[in-house]
Every structure is written in C-alpha cells, then in structure tokens.
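> give the three-dimensional model of this entry:
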Amino acid sequence: MHHVILRDDDTNALTPTECLERLYRPFLDRGFPVNLAVIPNVGTNVSRDDGSPEGYLLDWKSVAAKSLPIGGNQQLVGYLRENRGYRIAQHGYQHTRDEFDSADGENIARRLDHGTTLLVEAGFDRPRSFIAPYDKISRRSYVEISRRFGVISTGWFESRRLPFAWWPGYILKRLSRKPHWRVGSTLLLSHPGCLLSYRRPYETMFDRVQLAIRSQPLTVLVTHWWEYFRENRPDERFIGILHEVAKLLDKPSEIKVTSFDALAAREVEF
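Here you go, the predicted structure:
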C-alpha cells in the first residue's frame, strides 16, 4: 500500500474560493482529504527576489492593510468549513521569508501561537501540522514548532538547523535513506520537491508524480493553487494534469490518500 498526502500551499485571505473549487472538486467528490497549508495572517507586501508580489497575493493592489487575517474572508472560510474534505495546516504566520529562520524564541513562539489563534478564531480546528514558508526553519524554531504540532512538513532537513538532541535520529534517517522520521511525538516529513508546478515540464509531470508515489510508502505531493491561475487566467493544461492525478489516486487497493491529521493521530502507519 502506498500512502499519499496532497498538500496545497498558500491559501490566504486573498484566495478566491472558486480557484480551490475548480482545482479540488474531483478530489473532494472522491472522498480524498486535501491538506491546505493556510497562511493565518498573510502579509500583503511580501515580494519575490525580483521585487514583484508573491503569486498568491491576488488583487493585492486593492488592499491597504499590511496584513490580512484568514478570518477576514468569510466567504472562503465558510466554503472550507462546509467542505470537510479540506484539512487545515498552519503555514507560517505572515509568510515572510525569514519569519521562522530566527534564534529569537519569544518572537517565534508569539508568531506560532497568534497564527494558531487566528485559525481557531476563524472557525477551524486547532491545526496539528505546520509548514514553514520557504522551508526556512531555524534550530530554535524546530524546538518551538515541535512543542505545538504533531507533524512538520518541509522539503528537506539540514543538520546545521536541527536541535543537537535530534542529531542521532537524523543520522539514523540518513543512513537508512528514509525521507521521514520521528522525534518524540513529532513526525518530520520531507517531500520529493514540488512535482506539480508550472515550472516542471508538462510532458513528464504526470509520470514523475506516478513514479514518486510508487517508490515509497508515503509521499507528500506539494502544489500551489495560484500556479494554476497565473495572471488571473486558468492554465487548462496544468489543471488537467492535476485532475488526472485524482484519477490515479482512485485505486483503493494500491493507494490510500490520507491527511496530516491522520498521521498526527497515528491513525495511519507506514
């Protein structure tokens, strides 16, 4: 049996409900959980290296506030709560580049706790999993995050960023060549890169996804909703590939689609 987690990053107060509906209706109709990494208090002036706004900031020009809590978009919140197939993970705080690449434990804790509070105040269950923006997590951040969340999902792990007490487990993970490992009650998950991305060749994308799923017991498939709607235009070919993935996952004898919450509760073992 191959377990799959579908992780979509960057849902925030500026995310149009119709974008998520267009992408994930085929998954929801099949009863698959869709793990949304939700930004609790999105910063509206976050930019890329070239100075342009991040792609998830749709209609940012009409916003005067420097940040927007997720609860400010009641239409989106209502849609996510009505469709229980969506599972909410905490995606940083404001999604700034270095917000969890810090040694300031008090500031890290404040951001983590306020982010969780904003998600709960919006009406979501308390999140059990955490995804750091840009996969940038400091040693102190790992400590604070692991105290609050049962699952940390990231792209990779580096010894220079891990708490020293975690090094024996990390070394064992490296020697055994496993992508995932556990420290105490916290499960640490890596992923094979953003295989579902417009930056990847469309001709080979589906095959790469299929190979990744069949190569290990648990695969975290990462994508970003806004990549399918660049410049407010749907990329029909890319959307079609995502929906082909939904068909691929609809093989209950071979593949089980699961959630971060199920892993945190140890309902799934792999």
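> and the helices in the stretch 51-200 of the chain?
Taking DSSP state H, counting those that start in this stretch, the helices of the stretch 51-200 of the chain run over residues 74-82, 105-121, 139-148, 167-176.
> name the stretch among those that sits most buried.
For the helices of the stretch 51-200 of the chain, the largest average neighbour count (mean count of other Cβ atoms under 10 Å) is found in helix 139-148, namely a mean of 20. (C-beta placed from N, C-alpha, C; glycine too.)
> contact partners of it?
Contact with helix 139-148 is made by 100-105, 108-109, 112-113, 116, 130, 132, 137, 152, 161-163, 166, 183-184, 186, as judged by Cβ atoms under 8 Å, 6 or more residues apart in numbering.
> give me the angle between it and helix 105-121.
40 degrees (axes from the mean of the first three to the mean of the last three Cα atoms, to 10 degrees).
> could you give the mean pLDDT of helix 139-148?
Averaging pLDDT along helix 139-148 yields 98.
> tell me how far that helix lies from the chain's centre.
When distances are taken as Cα atoms, centre = their mean, to the nearest Å, helix 139-148 is centred 17 Å away from the chain's centroid.
> could you do stretch 142-161 as well?
13 Å.
> begin at 21 from now on, thanks
In the new count, where the first residue is 21, that last one comes out as stretch 162-181.
> end to end, how far does it reach?
8 Å (Cα to Cα, to the nearest Å).
> list the contacts for the spatially closest residue to Asn93 that is not a sequence neighbour?
Once flanking residues are discounted, Asn93 sits nearest to Ala33: 4.4 Å by Cβ to Cβ, 6 or more residues apart in numbering. Applying Cβ under 8 Å, 6+ apart to Ala33 gives the contacts 59, 62, 88-93, 96.
> any figure for the gap between Ala33 and Asp270?
32 Å (Cβ to Cβ, to the nearest Å).
> same check on Ala57?
Between Ala57 and Asp270 the computed distance is 23 Å (Cβ to Cβ).
> Arg167 too?
The gap separating Arg167 from Asp270 is 38 Å, by Cβ to Cβ.
> same question for Tyr190.
Distance, Tyr190 to Asp270, using Cβ to Cβ: 36 Å.
> same for the strand ranked longest in the chain, what does it pack against?
In the chain, with assignment by DSSP state E, the single longest strand is strand 22-31. Contacts defined by 3 or more Cβ pairs under 8 Å, 6 or more residues apart in numbering; DSSP states H and E place strand 22-31 against helix 37-49, strand 54-58, strand 106-111, helix 222-234, strand 238-244, strand 275-278, helix 280-284.
> that strand vs helix 222-234, what angle?
Using the same axes, to 10 degrees: strand 22-31 against helix 222-234 is 130 degrees.
> understood, closing this out.
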